[in-house]
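Engineer: Requesting a structural model of the entry that follows:
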Amino acid sequence: MPDPPSGTVTFLFADIEDSTRLLHQLGDRYTTVIEAYHRLLREVFHRAGGYEEDPVGESLFVVFPRASDAVNAALAAQRAVITSAWPDGVVLRVRMGLHTGQPIVAGGGYIGLEVHRAARIASVGWGGQVLLSQATSDAVVHDLPAGAGVRDLGEHRLKDLQRREQIFQLLHPDLTPDFPPLRSLDTLPHNLPHQLTSFVGREREMAEVKELLSTTPLVTLVGSGGIGKTRLALQVAADVMDGMSNGVWLAELAGLPDAARIPPAVASAAGVHGGGDGDSDGGRALLAVLTEHFQRKKLLLILDNCEYLVAGCAQFAASLLQSCPNVKILATSWQPLGLAPEAVFRVSPLTLPDSEATALEELVQSESVRLFLERAMGSQPTFTLTDTNAPVVAQICRRLDGNPLAIELAAARARVLSPDQIAARISDRFKLLTGGSRTAPPRQQSLRATMDWGYGLLSEQERLLLQRLSVFQDGWTLEAAAAVCGELDGTGIDVADLLISLKTKSLILTEGGRGPIRYRLPQTVRQYGLEKLQESGEAPAVEHRYREWSLGVVSNA
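Structural biologist: Residues are numbered from 1 along each chain as shown. A predicted model of the protein is given here:
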């Protein structure tokens, strides 16, 4: 396979508009149509000298050494789609976005903001439309295909990107000239915050959450602190925004003193006025105002950080959804809300490189390594991933369990430390991983603050069990936990029920397979638990019990 083009290149993203509707329409025949569509476009792009990156779903991502070749290929591909006879009367409408820049080439692939910019330009277009960035338009202004021109569509704010983009539409007699306004963040009602960093990976999770939202009114993203629940929710919301005619509204619930403050927080987010204040009676009155306001509207409401007010959030969501058939709720929490119509999606850590992988090309395929690289370059522009330091970066990501917040905090240290120096200090991660973005909530500015936030959710007995479980180095079974952490100095605890509760709150992982289910703590949680165990004064007794249990296992083997 040829090497990917380097230097200044032009990216072309192509995807099918409303592919979910097409999937429902075609059913099992969808795959056949997509395969034919891919063959058609690949032939066009290959003839034009395009280099194809790995596709995501039905989307195609192609790189051209010359901007003029990319524009010619886009025009030829649109002609091919329009003139082809698709089965079952299907009409394919393909949107394309082009951007020219100098990306980062690592491990045989492309990463960095230039790639994201091209993808985001494509995402705001309509089927049949070809959009160009300012850089691409400037590069081809004197080298357009015969009969072609460009139309300036103005500046637009794009998902995930700090800099606004001047966008141009490719015009040609063979293309549809007129479309609705671009589906950028400027033209749709919302209050989503402006993201200062790129969104890395999570393509599978994005697709699954969007599919859940299409079939159920309430989806809760569940996971431990720093796992990326809020960022995933915001990304999904931005992607489905064009289907929400009355907007997407983010209500931040962290720090609210009680459930009575939930309706005012939502009303403020959505710009709804009326009702009462945030006491109990005022909250009920405002809920009635919200219900009436949302009753005939199609919108998505994000309830972010529900963990401290789970019962109140559940009651609020139930009341709203019962009377508002076109409202969707996307919640984030350490644990589910527990409602009947709720679809729970557990947010996993970022993918990690295979433990046997050592080559740069293999390591950079993992989401965790790509995130470290992008954030390290944001912190230290001269940072590069090499054959020498890539295995060390992979080790850092593994030891941080693929947790996005922890990886970002570690990557920020690239400003003053090498990957080897960061790895050497990971064992004291709560001291190392501080100094997050000053614009982030306090609980996300250090790894310890994030763990303190989650620890505050626990009952006394849950805290007691969590810190006792930290003595297990390689996981445990229910029987082992009961033997080591159960009755101890007269403090009996129901290990089975508490394990379930800690699992529900995303602090314990389970590992299936043959035999009894095994449990384990992520390394960050375990280190935090060990500190709390030392502070409690129980460490000698628990460690003695653990040694006795371990000796018993060995002697009975």
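Engineer: where exactly do the strands run in the stretch 101-250 of the chain?
Structural biologist: Per DSSP state E, counting those that start in this stretch, the stretch 101-250 of the chain carries strands over the ranges 104-106, 109-111, 130-133, 149-156, 165-171, 218-222, 248-252.
Engineer: Using PDB, list the CA coordinates for the longest one.
Structural biologist: Meaning strand 149-156. In PDB, the C-alpha atoms belonging to strand 149-156 read as follows (Å, rounded to 0.1, in the frame of the first residue of the first chain):
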ATOM      1  CA  GLY A 149     -17.700  28.300  -9.600                       C
ATOM      2  CA  VAL A 150     -18.000  28.800  -5.800                       C
ATOM      3  CA  ARG A 151     -20.500  30.600  -3.700                       C
ATOM      4  CA  ASP A 152     -19.500  32.200  -0.400                       C
ATOM      5  CA  LEU A 153     -21.800  30.900   2.400                       C
ATOM      6  CA  GLY A 154     -20.300  33.000   5.100                       C
ATOM      7  CA  GLU A 155     -18.600  32.200   8.400                       C
ATOM      8  CA  HIS A 156     -19.900  29.300  10.500                       C
END
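Engineer: Quick one: mean pLDDT over that strand.
Structural biologist: When pLDDT is averaged over strand 149-156, the result is 88.
Engineer: so what does that strand touch, helix or strand wise?
Structural biologist: strand 165-171 (3 or more CB pairs under 8 Å, 6 or more residues apart in numbering; DSSP states H and E). Yep, even glycine has a C-beta here, placed from its N, CA and C like the rest.
Engineer: on that earlier part again, out of the strands of the stretch 101-250 of the chain, flag the one nearest residue 89.
Structural biologist: strand 130-133 (24.6 Å; CB to CB).
Engineer: Now tabulate the strands of the stretch 101-250 of the chain in TSV and tack on distance to residue 140 and mean neighbour count.
Structural biologist: As requested, the strands of the stretch 101-250 of the chain are exported to TSV (distance: least, CB to CB, whole Å; neighbours: other CB atoms under 10 Å):
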stretch	distance to residue 140	mean neighbour count
strand 104-106	23	19
strand 109-111	20	20
strand 130-133	8	28
strand 149-156	8	15
strand 165-171	9	21
strand 218-222	41	26
strand 248-252	34	22
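Engineer: Need those in a markdown table (columns: distance to residue 268).
Structural biologist: Below are those laid out as a markdown table (distance: least, CB to CB, whole Å):
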| stretch | distance to residue 268 |
| --- | --- |
| strand 104-106 | 40 |
| strand 109-111 | 38 |
| strand 130-133 | 35 |
| strand 149-156 | 27 |
| strand 165-171 | 30 |
| strand 218-222 | 21 |
| strand 248-252 | 8 |
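Engineer: what does the host helix or strand of residue 370 rub up against?
Structural biologist: Using DSSP states H and E, residue 370 sits within helix 367-379. Residues outside helix 367-379 that contact it (CB atoms under 8 Å, 6 or more residues apart in numbering): 104, 106, 111-112, 197-198, 200-202, 349-353, 363-364, 383, 385, 390, 393-394, 396-398, 400, 402, 404, 407-408, 410-415.
Engineer: measure residue 253 to residue 169 for me?
Structural biologist: Residue 253 is 41 Å from residue 169, where distance means CB to CB, to the nearest Å.
Engineer: and residue 361, how many residues sit next to it?
Structural biologist: 13 (other CB atoms under 10 Å).
Engineer: State the distance from it to residue 545.
Structural biologist: Taking CB to CB, one finds residue 361 at 47 Å from residue 545.
Engineer: Over to residue 401?
Structural biologist: 26 Å.
Engineer: Same question for residue 524.
Structural biologist: 24 Å.
Engineer: give me the number of residues near the closest residue to residue 208 other than its chain neighbours?
Structural biologist: Counting by CB to CB, 6 or more residues apart in numbering, residue 345 is the residue found nearest to residue 208 once chain neighbours are left out, at 6.7 Å. Neighbourhood size, residue 345 [other CB under 10 Å]: 20.
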